[in-house]
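Asks: Sequence and predicted structure, then a few things I'm wondering about:
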Amino acid sequence: MIEQQIKPREYYLDAVKAIAIILTVLGHCIQWILGDTFGEDRLELFIYSFHMPLFMIISGYFFQSALRRDFKDLVSRKFFQLLIPAFCWTLIIYPWECESIHDVLSRIFHEYWFLKALFVSYIVTFVYYKAPYKYKCFLLLIGIFIFLIGKGETWYFTPMYPFFLFGIILRKCKALLNKGYVQLLCLCTFLLLLPFFRMEDTMYYTSCKLLDLSTMSLCYTNIIPNLLRYALGICGGAIIIILAKRFFAVYVDKRNVNPQKCIFEIIGSNTLGIYLVHPMIYIPLTSFLQGYLNGCDWYIVDTACILMTVFVVWMSLLIIKLVDKSAFVAKFLLGKI
């Protein structure tokens with residue numbers, strides 16, 4: 001067994017995860033309140049420009065620990081940690097919306113897409129790292145080709161995977177984020193590009209496909225949206241990481257605050273649970289309030305959604321605490337193995 005030096009926990013990364021899950025919940029609240037017009041909300045566009053890429057970046061950042069396991073152990077661990085809870089919560093939350101078995105199966109396949117994309121990302125990256133050197137170039141070319149032709153977009157794996165790879169790279173050269181010129185470059189790029197970002201530029205509407213095999217031509221209409229969302233995703237994610245690190249350096253380290261009692265650490269260490277639980281709360285809550293908020297000015301809607309987000313995150317943490325009381329139940333509902 002490989003001996004490893006135990007490294008101190010980087011608590012600021014829990015703050016990054018906390019910000020990502022808070023933005024996810026807020027984005028869902030706005031989406032359900034506004035319905036088809038949610039893409040016109042500027043706060044929603046800001047959130048969608050980088051919040052899921054941020055989750056992928058952080059997941060890639062922690063990938064290195066997976067290499068200490070063998071393939072069978074990794075698949076088993078990630079299966080029970082990611083896919084089983086997604087399956088269980090889908091059966092708890094969504095069957096009442098379904099009219100047939102086909103609808104139920106469709107929900108099981110599509111809901112919690114991020115966890116499924118993350119599972120595939122871990123497996124694909126692990127296979128590449130463990131492959132003999134002579135096959136790595138071949139596998140890399142296949143991966144680039146699959147990306148260019150827009151295959152593998154089930155669960156948005158293909159468009160999200162570059163952010164996972166960026167997270168792996170970031171771990172190897174994280175000192176770069178301490179450089180002033182890098183911070184300024186990320187901030188300026190994000191602020192300059194954000195006004196041009198539209199909901200149609202997200203992966204939900206525009207494919208990452210850049211090469212049309214049927215005509216052997218470039219998909220020119222997809223180039224700008226892809227460049228825009230990758231630039232915003234990477235720069236936005238980097239900015240949040242920089243801000244979280246500075247917050248912990250100023251507020252936690254200098255004031256000798258116990259990081260384990262910081263609200264960001266509490267939320268950040270329960271991001272998987274909040275992601276799994278929160279649809280059970282925000283869906284009925286937003287459905288109830290939608291009629292009251294329809295037609296209201298944007299600042300009223302956004303303020304209401306921010307307050308709802310606080311409530312949803314708080315209720316999710318309470319449910320997680322209750323589920324945690326049984327190790328057996330927590331294994332299936334929270335992926336705690």
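Replies: Yes, it's here. Numbering: from 1, shown residues only.

Asks: Do me a favour and average the pLDDT over the helix or strand Ser316 falls within.
Replies: Using DSSP states H and E, Ser316 sits in helix 298-323. Average pLDDT, helix 298-323: 95.

Asks: what helices or strands is it leaning on?
Replies: Here helix 298-323 touches helix 12-34, helix 42-48, helix 263-268, helix 271-277, helix 279-293, helix 327-333, going by 3 or more CB pairs under 8 Å, 6 or more residues apart in numbering; DSSP states H and E. C-betas here are computed from N, CA, C, even on glycine.

Asks: Against which helices or strands is the longest one packed?
Replies: Under the contact definition 3+ CB pairs under 8 Å, 6+ apart, helix 12-34 sits against helix 42-48, helix 51-61, helix 220-247, helix 263-268, helix 271-277, helix 279-293, helix 298-323.

Asks: Between helix 279-293 and the helix holding Ser316, find me the angle.
Replies: 160 degrees (axes from the mean of the first three to the mean of the last three CA atoms, to 10 degrees).

Asks: that older thread, and the helices and strands packed on helix 12-34: which comes nearest Phe157?
Replies: Closest to Phe157 of those, according to CB to CB: helix 51-61, at 10.2 Å.

Asks: Identify all contacting residues around the closest one.
Replies: Outside helix 51-61, the residues within contact range by CB atoms under 8 Å, 6 or more residues apart in numbering are 13, 16-17, 19-20, 23-24, 27, 114, 117-118, 121, 125, 160-161, 163-171, 229, 233-234, 236-237, 240-241, 271.

Asks: rerun that using 7 Å as the cut-off
Replies: 13, 16-17, 20, 23-24, 27, 114, 118, 160, 163-168, 170-171, 233, 236-237, 240 (CB atoms under 7 Å, 6 or more residues apart in numbering).

Asks: Got a ChimeraX select line for the buried ones in those?
Replies: To isolate the buried subset of those in ChimeraX, counting by 16 or more other CB atoms under 10 Å, use the following:
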select :13,16,17,20,23,24,27,114,118,160,163,164,165,166,167,168,170,233,236,237,240
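
Asks: ok, the closest residue to Gly39 other than its chain neighbours to Ser106 distance?
Replies: With CB to CB, 6 or more residues apart in numbering as the criterion, Gly39 has its nearest non-adjacent residue at 3.1 Å, and that residue is Met199. Look at Met199 and Ser106: by CB to CB, to the nearest Å, they are 23 Å apart.

Asks: Show me which of these two is the more surrounded one.
Replies: Met199 (16 against 13; other CB atoms under 10 Å).

Asks: Which per-residue confidence value corresponds to the more buried one?
Replies: Model confidence at Met199 (pLDDT) stands at 89.

Asks: and it, what does it touch?
Replies: Gly39, Leu45, Tyr48, Tyr205.

Asks: try Tyr129
Replies: So Tyr129 contacts Leu67 (CB under 7 Å, 6+ apart).

Asks: cool, Ala244 as well?
Replies: Contacts for Ala244 (CB under 7 Å, 6+ apart) come out as Tyr12, Ala15, Val16, Ile19.

Asks: give me the number of residues near Ser207?
Replies: Ser207 is flanked by 17 other residues according to other CB under 10 Å.

Asks: For the spatially closest residue to it that is not a sequence neighbour, give me phi and psi.
Replies: If the residues on either side of it in the chain are set aside, Ser207 comes closest to Gly150, at 4.7 Å by CB to CB, 6+ apart. Gly150 adopts backbone torsions of phi 70, psi 20, taken as degrees, to the nearest 10.

Asks: Kindly report the same for Tyr94.
Replies: Dihedral angles (degrees, to the nearest 10) for Tyr94: phi -100, psi -20.

Asks: Quick check: which element contains the closest residue to it other than its chain neighbours?
Replies: Computed as CB to CB, 6+ apart, the closest residue to Tyr94 that is not its neighbour in sequence is Arg107, at 4.5 Å. Using DSSP H and E, Arg107 sits in helix 101-110.

Asks: Could you do Phe126 as well?
Replies: In the assignment (DSSP H and E), Phe126 maps to helix 113-130.

Asks: and after that helix, which helix or strand comes next?
Replies: Remark: after helix 113-130, the chain's next helix or strand is helix 133-148, criterion DSSP H and E.

Asks: what mean pLDDT does the following helix or strand past that following helix have?
Replies: Where DSSP H and E defines the elements, the next helix or strand beyond helix 133-148 is helix 157-172. Across helix 157-172, pLDDT averages out at 92.

Asks: No further queries at this time; thank you.
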